[in-house]
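Student: With the input below, show me the fold.
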Amino acid sequence: MSVVYDYFWAADRATAVDWAIGPDGDWLRGGSLDAMCADRLEVKGLDPNVVLGKLVSFAAGIPFDSVVDPELVWPDPVEWPYGRQAPPGTESPWDSGLILQELPDGWRDTLAGVVEDAVSLLALQWFDIEEIRFADYLDAEESVRMFVGMARRARAASALMYCSCVV
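Tutor: Purely as a prediction, here's the structure:
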């Protein structure tokens, strides 16, 4: 079973948290990207840290280990460091399994800048990574087009890109 990742763009972090987690980060009340977010991609197995990071490295023409990592937005890493015990009578947001990450602006701009002629080569490179198995080359190519399109729309709106998942 693979994890489902929701990629979307929002004007700011507060909006992204409200949409993906719940109002003001209240994960107990829940959020719904279906109801709130008009532009989102729901994909299986395409995690932001490695799989999408490798697409960005191919598009930028840089080694993968030079790619800046996405930033954890929720649970708030300052307020709730991983492993922190919740006070008695409360629950830790880590217990929800919800994770929200903000993708670096450079990722958005790199993907938005991919020209049509480069899509096929990027898809071929991405198709060969070991961390994901696309159904076929055309599946990889369509995924590249989806991310490039979303990045262009986010950049045009001066918005930030996010990824949420339940682990």
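
Student: Name the residues of the lengthiest helix in the chain that are buried.
Tutor: In the chain, taking DSSP state H as the definition, the longest helix is helix 137-156. Neighbour counts over helix 137-156 (16 or more other CB atoms under 10 Å) mark 140-141, 143-144, 147-148, 150-155 as buried. Every residue, glycine included, has its C-beta placed from N, CA and C.

Student: same question, stretch 43-53
Tutor: So for stretch 43-53, counting by 16+ other CB under 10 Å, buried means 43, 46-48, 51-53.

Student: which one of the residues you listed sits closest to residue 75?
Tutor: Nearest to residue 75 among the buried residues of stretch 43-53, counting by CB to CB, is residue 48 at 16.2 Å.

Student: Is it correct that the closest one is in contact with residue 6?
Tutor: No: using CB atoms under 8 Å as the test, residue 48 is too far from residue 6 to be in contact (10.6 Å).

Student: Would you map the helices across this structure?
Tutor: Using DSSP H, helices in the chain cover 13-20, 33-36, 53-60, 105-112, 116-127, 137-156.

Student: quick check: angle from the fourth one to helix 53-60?
Tutor: Relative orientation of helix 105-112 with respect to helix 53-60: 60 degrees, computed using axes from the mean of the first three to the mean of the last three CA atoms, to 10 degrees.

Student: Just the residues contacting helix 105-112, thanks.
Tutor: 9, 52, 55-56, 59-60, 67-68, 70, 147-148, 150-152, 154-155, 160-161 (CB atoms under 8 Å, 6 or more residues apart in numbering).
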